[in-house]
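[1] following is a predicted model, sequence given first.
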Amino acid sequence: MHQLAIALKQKGYEVSGSDDEIFDPARSNLLAAGILPAQLGWFPEKISPQLDAVVVGMHARDDNPELQKARALQLRIYSFPEFIAHESCHKTRLVVGGSHGKTTITGMIMHVLKACGRTFDYLVGAAIPGFSQAVQLTDAPVIVCEGDEYPASALDPRPKFHLLKPHIAIISGISWDHINVFPTWEQYLQQFAQFIALIEPHGTLIYNQEDATVRQLVEQCQRTDLQLIGYSRPEWTVEKGITFVYDHHRHPVPLRIFGEHNLLNLQAARRACALLGVSDTDFFQAISSFTGASRRLELLAAYPHSAIYRDFAHAPSKVKATIQALRKQFPGRKLIAVLELHTYSSLSASFQAQYAGCMDEATVAAVFYSPHALALKRLPTLTPEAIRQGFQRDDLHVFQHVDNLLSFLEQQDYQDTNLLLMSSGNFDGMDIESIRNLPMQSNPSLARKS
């Protein structure tokens, strides 16, 4: 929301806003843009007939006094994705959907378009190197959006990506998530069927043909007006820890990312960029310098024979793909993998069976979860035994307190070993410097921080 406010201010709109809590980086960013509210809280007197629009965030409830005033004045009220759709109604809309890979694919497309000197707007869910904001709205003819299947707002249960109605849509893969919103697999799957149904007439669907669920959904699609473009992994090799793909001339192209899931992401971005007029030559030249989105296999520290990575992985398919990526990129190294259960789905006892086998390829596997997170989500107690049973790994280490997790990590042998931290949260506020300072080698001062 604060990124949208800044983007609209930069577009020349007069922008104001309210919230009951504002934390960094939002606070510092709003202050720098000159639109930080003078006071925290809700002030109905700010809402006047002169306002052109009111945009509500995810936490605005029916009883919000400013929202009630806006309704009384019959002002135009939008959810976040509704307003993005409104501002981009005359643009070519490219929307990236899927249970995983959305941020990376969106970031890849943004990176390539920028490298090629193209003018475009965007909406992305994480920091992308080379971009100072997560939202940009100008008079550009194209907008590239990460499309989330989560509800548009507390007042509008429609998935965000249903409101964007793309001309070019991407589905990267489908695996059950958000069970607090979609309690059954069938309900979750239906959201993607509807996403396809909402593609603009004579639009294009780019889809992961290696994902059986996506492939079946496309085969069942009744629309005959859509252009369907499937993609799969390209040919690739790994040499001395560097992944190479082959371009259309069979020339090897070195990448700064790795993992089979990222190779699929690259292919989706390649197909989308081609539809926007980017040649294969320009695409491969640009993609070779893409370093990835924030917290997506992000390198925290590197040593001669070990490294520390962190990743946003939290759903079972994401966890499995991230672990496999590191194992294949560094086959000679052990892997210590730590997963934080942080989302509603991952902290639900009924969902634990979905994690069966997803950490099997890690040499040492550990799971952390906070009783405080359970309390905030009003979930019942989750026992370590239930987690081990769900993951189907008897030697799984389970921790509920950060100090115990850190003590465990400090005792590990990191000779020829990578450490992987996976979470959509922050390990209950764990200091990242304490991780960088683990005894990864005899002389930790040799660490190279990313």
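    Structure's in. What do you need?
[2] give me the domain ranges for the protein.
    Here the chain is described, according to automatic domain parsing, as comprising the domains 2-75, 87-287, 298-449.
[3] how about the ones you listed in CSV, adding mean pLDDT, distance to P81 and mean neighbour count?
    For every residue, glycine as well, the C-beta is placed using N, CA and C. Output for the domains of the chain, formatted as CSV (pLDDT from 0 to 100; distance: least, C-beta to C-beta, whole Å; neighbours: other C-beta atoms under 10 Å):
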stretch, mean pLDDT, distance to P81, mean neighbour count
domain 2-75, 94, 10, 15
domain 87-287, 95, 4, 19
domain 298-449, 90, 20, 18
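[4] and the helices in the stretch 301-450 of the chain?
    With DSSP state H, counting those that start in this stretch applied, the stretch 301-450 of the chain shows helices at 316-329, 371-376, 384-391, 402-410, 432-436, listed in chain order.
[5] go on, the stretch 1-150 of the chain?
    Taking DSSP H, counting those that start in this stretch as the criterion, the stretch 1-150 of the chain contains helices spanning 2-10, 26-33, 65-72, 80-87, 102-115.
[6] still on that earlier bit, can you list the helices of the stretch 301-450 of the chain in TSV and add distance to Y309?
    Supplementary listing: those in TSV, determined by distance: least, C-beta to C-beta, whole Å:
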stretch	distance to Y309
helix 316-329	7
helix 371-376	23
helix 384-391	20
helix 402-410	14
helix 432-436	11
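[7] and of those, who's closest to R215?
    If you check each of the helices of the stretch 301-450 of the chain against R215 by C-beta to C-beta, helix 316-329 wins as the nearest, at 15.5 Å.
[8] kindly format the C-alpha coordinates of that closest one as PDB.
    This file holds the C-alpha atoms of helix 316-329, laid out as PDB (Å, rounded to 0.1, in the frame of the first residue of the first chain):
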ATOM      1  CA  PRO A 316       5.800 -27.900   0.400                       C
ATOM      2  CA  SER A 317       6.500 -27.700  -3.400                       C
ATOM      3  CA  LYS A 318       8.700 -24.600  -2.900                       C
ATOM      4  CA  VAL A 319      10.600 -26.200   0.000                       C
ATOM      5  CA  LYS A 320      11.300 -29.300  -2.100                       C
ATOM      6  CA  ALA A 321      12.400 -27.300  -5.200                       C
ATOM      7  CA  THR A 322      14.700 -25.100  -3.200                       C
ATOM      8  CA  ILE A 323      16.400 -28.000  -1.500                       C
ATOM      9  CA  GLN A 324      16.800 -29.800  -4.800                       C
ATOM     10  CA  ALA A 325      18.300 -26.700  -6.400                       C
ATOM     11  CA  LEU A 326      21.100 -26.400  -3.800                       C
ATOM     12  CA  ARG A 327      21.800 -30.200  -3.900                       C
ATOM     13  CA  LYS A 328      22.200 -30.200  -7.700                       C
ATOM     14  CA  GLN A 329      24.200 -27.000  -7.800                       C
END
